[in-house]
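**Student:** the sequence and its predicted three-dimensional model are supplied below.
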Amino acid sequence: MRRVLALALFLLAGPALAQLVTFPKDTLTIESASGAKHAFNVELATSSQQISQGLMYRRQMAPDAGMLFIFERPDPAVFWMKNTFIPLDMIFIGVDGRILNIAERTIPQSETPVPASGPTRAVLEVNGGTSARLGIKPGDRVRHSSLP
């Protein structure tokens, strides 16, 4: 019976799992106005497939982890939480590497649009509540090789 259930689950999940992409890893630092520095181990989403998948289907993430979505050119960014099972803080980063706005504790699986407040060069997604816990605010600087 267990094998039949396992096979059924594999067959149901197989197509979705076969389409999942992988992400290169890197580190970044957020420098708060207070002078505090917060380091994160991030996965990088740069291709259209990686950006589309993002953190979908994840059930957990380490406290110092995140995903950095990097765009070729600054544009208004709008995200959602479709197929995302953990609450996230979405940190929208402007062309100068500073945080534009933060959508805190977004609702898992919601399809409600979550917009940036201006032209966006990148978006950092971290566990929900991380921004408040660390005192990260709009205007803080994000340091990564892809940002000015």
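**Tutor:** Yep, it's here.

**Student:** what pLDDT does the residue nearest to the spatial centre of the chain get?
**Tutor:** Residue closest to the mean C-alpha point of the chain, counted by C-alpha atoms, centre = their mean, is residue 125 at 2.6 Å. Residue-level confidence at residue 125 comes out at 98, pLDDT.

**Student:** next up, phi/psi of residue 48, please.
**Tutor:** Main-chain dihedrals, residue 48, degrees, to the nearest 10: phi -60, psi -40.

**Student:** what about it, how many residues close to it?
**Tutor:** When neighbours are defined as other C-beta atoms under 10 Å, residue 48 has 8 of them. For the C-beta atoms, the positions are set from N, CA and C on the backbone; glycine is no exception.

**Student:** roughly how far does it sit from residue 70?
**Tutor:** Applying C-beta to C-beta, to the nearest Å, one obtains 12 Å for the distance of residue 48 from residue 70.

**Student:** which parts of this protein are helices?
**Tutor:** Remark: helices of the chain, listed N- to C-terminal, are 2-18, 48-53, 130-134; assignment by DSSP state H.

**Student:** OK, contacts around residue 136?
**Tutor:** 30, 32, 38, 91, 99, 102, 130 (C-beta atoms under 8 Å, 6 or more residues apart in numbering).
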